[in-house]
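>>> okay, here's the prediction I keep looking at, along with the sequence it came from:
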Amino acid sequence: MVDRKHLEEQLKNAFYWFHENPELSYEEYQTTEKIREFLQNYGIEILPYDLETGLVAIVRGAKKGPVQMLRCDIDALPIREQTAFPYRSKKEGKMHACGHDMHIAAGLGCAVLLQENREKLHGTVKIIFQPAEESSLGALKILETDAMQDVDLVWGFHADPTNDVGVIGIREGYVTAAVDRFVITVKGIGCHGAHPDDGIDPILVSAAIVQALQSIISRNVNAFHPALLSVTRIHAGTTWNVIPPEAVMEGTVRTMEREDRILYEKKVKEIAEKTAQAYGAEAVVEWIAGPPATYNNKQMADLCEQKAKEHGLQTVPEESSMGGDDFAFYEDENTMGRKVPGCYVKIGTGAGCPIHHPSFEVKPEVLLPTAEYLTEIMLGGSLEIYKKLQQ
Ligand code: NI
């Protein structure tokens, strides 16, 4: 039996180390080694995948049952930390400002506790320490292996600085949005600023496109569906008296429903191309698809609720966000070849600065209870859920 006090101490120390040594997306080499070392100390099996960064641990239960997956993302952000913690970042300009250091430590704790409870565990649990969540596409690295092929249920969690330790946000349905990015290049004809009639002004065309794009939400999308479009960058010109030949704008579209995602892609292209055409210019639209929306399965959300109550945790309705998480790829039919039921909960980590803020903080006392809570979810009831979902 693992001594809980000792485990708590170890999880805190691991968390401090990860916080002090943040690594950006696709560069999580030391992080991966530290995770490996921790797991090996407890004799936990690591699957032999050829991943550049990140790894997949596995706990095989003594009883028959489903294959479950717990996703823990491991990357940090290019943010200069502004806290006074003794364990603040030692790497200039890099910081665990999204709580992924807490995700790693809680995931490690969960692996240890599941390993200890192998006799009670139905089926298998894969704990995925996933790289590059902040890039929106790190999950695809895991999906390049066959780690997800036999997975029946997927679980995800995220640090939540809007709630205190001991509060869990849970909701059935959509919790994060589909994330798409677009780049529109407007090609006009450059000329003297005093002789616009000699050219075609791509800045005027861009302004018309930006305005028209906002009509999609008000005129085309079902008014009951959350969706948004933001143009976040626009670049054109080099000086005050020259009309440039080209303007480039970039932005993001966030949707929950699949049909809206398809609609937006079609409308953005149509509006950009046809508006440009009306002005005698040309627009080229590049569409870069990110993760789909995360959808919480009802039975799984109910189990999270039940286990929270049994564990003495308070539950609140999880806030849905127009932010994204590449966790959604593990549920998605397109990437998985089938729909996989999943659930993604928010773990209160102490009310304070929001995620991605230079003073973001996770209270270390959340680590062991989170590991215990996640373990209870995976040990208890998952077999029943699996049976229900099979019917
Ligand atoms: Ni995050």
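Perfect, thanks for sending it.

>>> mind listing what's buried along stretch 92-110?
By neighbour count with 16 or more other Cβ atoms under 10 Å, stretch 92-110 contains the buried residues 94-110. The way it works is simple: take the backbone N, C-alpha and C, and place the C-beta from them, glycine included.

>>> so who does Gly188 touch?
With contact taken as Cβ atoms under 8 Å, 6 or more residues apart in numbering, Gly188 is in contact with 199-202, 205, 243-247, 279-281.

>>> show the buried residues in those.
Gly199, Ile200, Asp201, Pro202, Val205, Ile243, Pro244, Pro245, Glu246, Ala247, Tyr279, Ala281.

>>> now those residues in a markdown table, with distance to Gly138, pLDDT and secondary structure?
Output for the buried ones among the contacts of Gly188, formatted as a markdown table (distance: Cβ to Cβ, whole Å; pLDDT from 0 to 100; DSSP: H, G, I helix; E, B strand; the rest coil):
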| residue | distance to Gly138 | pLDDT | secondary structure |
| --- | --- | --- | --- |
| Gly199 | 44 | 98 | coil |
| Ile200 | 41 | 98 | strand |
| Asp201 | 41 | 98 | coil |
| Pro202 | 35 | 98 | helix |
| Val205 | 36 | 98 | helix |
| Ile243 | 42 | 98 | strand |
| Pro244 | 36 | 98 | coil |
| Pro245 | 37 | 98 | coil |
| Glu246 | 33 | 98 | strand |
| Ala247 | 32 | 98 | strand |
| Tyr279 | 40 | 98 | coil |
| Ala281 | 37 | 98 | coil |
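
>>> would you check which pair of these lies furthest apart?
Spatially, the most separated pair among the buried ones among the contacts of Gly188 is Pro244 and Tyr279, at 14.6 Å (Cβ to Cβ).

>>> for the record, mean pLDDT for the longest helix belonging to the chain?
Once the chain is assigned using DSSP state H, the helix that runs over the most residues is helix 258-278. Average pLDDT, helix 258-278: 98.

>>> what of stretch 301-308?
Across stretch 301-308, the average pLDDT comes to 95.

>>> in stretch 161-180, what counts as buried?
Across stretch 161-180, burial judged by 16+ other Cβ under 10 Å covers 161-163, 165-172, 174-180.

>>> which of the buried ones among the contacts of Gly188 sits closest to Val231?
Using Cβ to Cβ, the buried ones among the contacts of Gly188 come closest to Val231 at Ala247, 11.5 Å.

>>> hmm, that closest one is touching Val231, no?
No. When contacts are counted by Cβ atoms under 8 Å, Ala247 is not listed as touching Val231 (11.5 Å).

>>> tell me which stretches of the stretch 1-150 of the chain form helices.
4-20, 29-41, 100-116, 139-143 (DSSP state H, counting those that start in this stretch).

>>> looking at these, which is nearest to Val154?
helix 139-143 (10.3 Å).

>>> contacts for whatever helix or strand comes next after the longest helix of the chain?
Note on helix 258-278: by DSSP states H and E, the next helix or strand toward the C-terminus is strand 282-289. Under the criterion Cβ under 8 Å, 6+ apart, residues 180-187, 205, 209, 265, 268-269, 272-273, 275-277 lie in contact with strand 282-289.

>>> in a markdown table: the contacts of Gly188, plus distance to Val316.
Compiled in a markdown table, the contacts of Gly188 are given as follows (distance: Cβ to Cβ, whole Å):
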| residue | distance to Val316 |
| --- | --- |
| Gly199 | 57 |
| Ile200 | 54 |
| Asp201 | 51 |
| Pro202 | 48 |
| Val205 | 47 |
| Ile243 | 54 |
| Pro244 | 51 |
| Pro245 | 53 |
| Glu246 | 49 |
| Ala247 | 45 |
| Tyr279 | 50 |
| Gly280 | 55 |
| Ala281 | 50 |
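
>>> mean pLDDT per helix and strand in the chain: which one sits at the bottom?
helix 382-390 (a mean of 74; mean pLDDT, DSSP states H and E).

>>> with the buried ones among the contacts of Gly188 in mind, which one is nearest to Glu376?
Ranked by distance to Glu376 (Cβ to Cβ), the buried ones among the contacts of Gly188 are led by Ala247 at 54.7 Å.

>>> that closest one: what's it in contact with?
Contact partners of Ala247, counting by Cβ under 8 Å, 6+ apart, are Thr185, Val186, Gly188, Pro202, Ile203, Val205, Ser206, Ile234, His235, Ala236, Gly237.

>>> likewise for Leu143?
Phe329, Tyr330, Thr335, Met336.

>>> export those as TSV, with columns for distance to Ile217.
What follows is the contacts of Leu143, written out as TSV (distance: Cβ to Cβ, whole Å):
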residue	distance to Ile217
Phe329	25
Tyr330	29
Thr335	27
Met336	30
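
>>> taking the residues you listed one by one, which sit in helices?
Thr335, Met336.

>>> reformat the contacts of Leu143 as a markdown table; add neighbour count and distance to Gln149.
As requested, those are exported to a markdown table (neighbours: other Cβ atoms under 10 Å; distance: Cβ to Cβ, whole Å):
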| residue | neighbour count | distance to Gln149 |
| --- | --- | --- |
| Phe329 | 26 | 14 |
| Tyr330 | 26 | 12 |
| Thr335 | 17 | 12 |
| Met336 | 16 | 9 |
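
>>> which helices and strands does the least confident helix or strand of the chain pack with?
On a contact count with 3 or more Cβ pairs under 8 Å, 6 or more residues apart in numbering; DSSP states H and E, helix 382-390 meets strand 63-73, strand 122-130, strand 153-160, helix 298-310.

>>> and for Cys191, the neighbour number?
Counted with other Cβ atoms under 10 Å, residues neighbouring Cys191 total 17.

>>> could you do the one 4 residues further on as well?
Residues lying near His195 (other Cβ under 10 Å) number 9.

>>> who is Arg254 paired with across the strands?
In this structure, Arg254 bridges to Val179, Leu228 when assessed by DSSP bridges.
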